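*Asks:* 3D model of this:
(one chain, ligands or ions: 1)
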Amino acid sequence: MEQSGAPAGPDVTSNGGGPAGGPGAESTNPGTGTTEPGAAARIAEIRVRIDEIDRALIELWQERAELSREVGTTRMASGGTRLVLSREQEILERFRSALGADGVQLALLLLRAGRGPL
Ligand SMILES: C=C(O[C@@H]1C=C(C(=O)O)C=C[C@H]1O)C(=O)O
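*Replies:* I've put the predicted structure just below:
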């Protein structure tokens with residue numbers, strides 16, 4: 001069965017044992033989830049890029065939604081339809097072929113962000 005959640009591993013809230021508030025990952029390397037300094041440094045470095053990617057995704061998401069709304073208003077003002085389902089199918093297939101079932105869910109959210117719910 002296809003996996004779509006987080007990778008298997010210790011609970012994200014756990015620091016691997018020890019009393020809450022006592023010695024462990026939380027007090028040694030706040031927020032990285034590990035006590036090993038090399039791993040903590042690498043995690044912090046990777047997180048810089050993850051944060052950049054998240055900002056870019058949010059910006060692109062918002063730009064796409066605005067453009068999609070503009071297409072909708074332009075089309076309706078010219079007497080056209082609000083939606084073009086064949087085009088939506090194309091987009092769903094693009095995301096499905098690149099990302100699988102999760103891609104379809106993502107594309108559905110992306111489409112809804114622009115043209116609203118069906
Ligand atoms: C933006 C358009 O309008 C609607 C929104 C779409 C989208 O967000 O990609 C796709 C098809 C239409 O239902 C379009 O026709 O291109």
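
*Asks:* measure Cys52 to the ligand for me?
*Replies:* No Cys there; residue 52 is Glu. 25 Å (CB to the nearest ligand atom, to the nearest Å). C-beta coordinates here come from the backbone N, C-alpha and C atoms, glycine included.

*Asks:* quick one: that residue from Glu59, how far?
*Replies:* Counting by CB to CB, to the nearest Å, the gap from Glu52 to Glu59 is 11 Å.

*Asks:* C-terminal to the lowest-mean-pLDDT helix or strand in the chain, what's the next element?
*Replies:* Lowest by mean pLDDT, DSSP states H and E among the helices and strands of the chain is helix 25-28, with a mean of 50. Once the chain leaves helix 25-28, the next helix or strand it forms, by DSSP states H and E, is helix 37-77.

*Asks:* what's that next one packed up against?
*Replies:* helix 101-115 (3 or more CB pairs under 8 Å, 6 or more residues apart in numbering; DSSP states H and E).

*Asks:* what does the helix it packs on rub up against?
*Replies:* 2, 4, 61, 64-69, 71-72, 82-83, 88, 91-92, 94-97, 99, 118 (CB atoms under 8 Å, 6 or more residues apart in numbering).

*Asks:* run the last query once more with 10 Å
*Replies:* Residues external to helix 101-115 that are found in contact with it (CB atoms under 10 Å, 6 or more residues apart in numbering): 2-5, 60-62, 64-72, 82-84, 87-88, 91-99, 117-118.

*Asks:* how far away is the residue of the chain most remote from its centre from the ligand?
*Replies:* Relative to the mean C-alpha coordinate of the chain, counting by CA atoms, centre = their mean, the farthest residue is Gly79 (35.3 Å). According to CB to the nearest ligand atom, Gly79 and the ligand sit 15 Å apart.

*Asks:* near the ligand, which residues of this structure? Just list them.
*Replies:* Within the chain, the positions near the ligand by CB under 6 Å from any ligand atom are 68, 71-72, 83-84, 87-88, 91, 111, 114-115.
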